[in-house]
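[1] Provided below for reference: sequence and predicted model.
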Amino acid sequence: MNFVPTPIPGLVVIEPQIWKDERGFFIETYNEKPFSTHGISGFVQDNLSYSHRGVLRGMHAQAGDNAQGKLVRVLRGRVFDVAVDIRKSSSTYGKHFSIILDGENAKSLWIPPGFLHGFLALEDDTLFAYKVTGFYDKSGELGVRWDDPELAIEWPLRHDEFIISAKDRQLPLLKEISNPF
Ligand SMILES: Cc1cn([C@H]2C[C@H](O)[C@@H](COP(=O)(O)OP(=O)(O)O[C@H]3O[C@@H](C)C(=O)[C@@H](O)[C@H]3O)O2)c(=O)[nH]c1=O
């Protein structure tokens, strides 16, 4: 298992050891020892979402008493996954990191509290699994528009293919939110 730092401090890509044989493969998706050694711990909830190609979910964060760090990965299908640093004192404030996560590479991304997160499903039948460090808490939810020019995220696929929830279509710009981070 490799813990690979990214250009944004705190964001880490985890590459598992994939044990392949004639039956298929085996990977450890989470192991408390190496993860906690890298400061990744405290999970209280596991989530799973299913998306069709073109579904865009984001950009979301959960702040407050139940602020969430997220350990995200794809079980089946493929996504363009994005995390945006909104930690006000960070030297990389406003910058984003993107990565392709899929069922084949089995990579995970650790997103600490203080980031917006979102993804675009690039294939039908995409299963997206994640562990979070805070219980779901509607009062702590915040979000920013996926197409906020300040974020300047270059999403793959044509924008007219996107399937976005009514809630996410109405999100404000980053400069309009009261940022608790
Ligand atoms: C996130 C969440 C949602 N829900 C419910 C609320 C709602 O009725 C329904 C769908 O919720 P949403 O529309 O917020 O789901 P979704 O847009 O998939 O939200 C997720 O997006 C990605 C990008 C993230 O980073 C996640 O943390 C989360 O915010 O599920 C829970 O019960 N528990 C949860 O932890």
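    Alright, I've got the coordinates.

[2] Go through the top helix by length along the chain and flag the buried ones.
    Secondary structure of the chain read by DSSP state H shows that its longest helix is helix 32-37. Of all the residues in helix 32-37, those buried under the rule 16 or more other C-beta atoms under 10 Å are residue 35. All C-beta spots, glycine's among them, are computed from the backbone N, C-alpha and C.

[3] what does that helix contact?
    The list of residues contacting helix 32-37 from outside it, by C-beta atoms under 8 Å, 6 or more residues apart in numbering, reads 1, 3, 14, 41, 71.

[4] what's the neighbour count on residue 147?
    Per other C-beta atoms under 10 Å, the neighbour tally for residue 147 reads 17.

[5] If you could redo that for residue 170, that was the one I meant.
    Residues near residue 170, counting by other C-beta under 10 Å: 10.

[6] Can you show me the helices along this protein?
    32-37, 166-169.

[7] Dump those to JSON lines, plus distance to residue 93 and mean pLDDT.
    Conversion of the helices of the chain to JSON lines gives the following (distance: least, C-beta to C-beta, whole Å; pLDDT from 0 to 100):
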{"stretch": "helix 32-37", "distance to residue 93": "26", "mean pLDDT": "97"}
{"stretch": "helix 166-169", "distance to residue 93": "22", "mean pLDDT": "98"}
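
[8] Residue nearest the middle of this structure, spatially speaking?
    Central residue of the chain (C-alpha atoms, centre = their mean): residue 117, 4.7 Å from the mean position.
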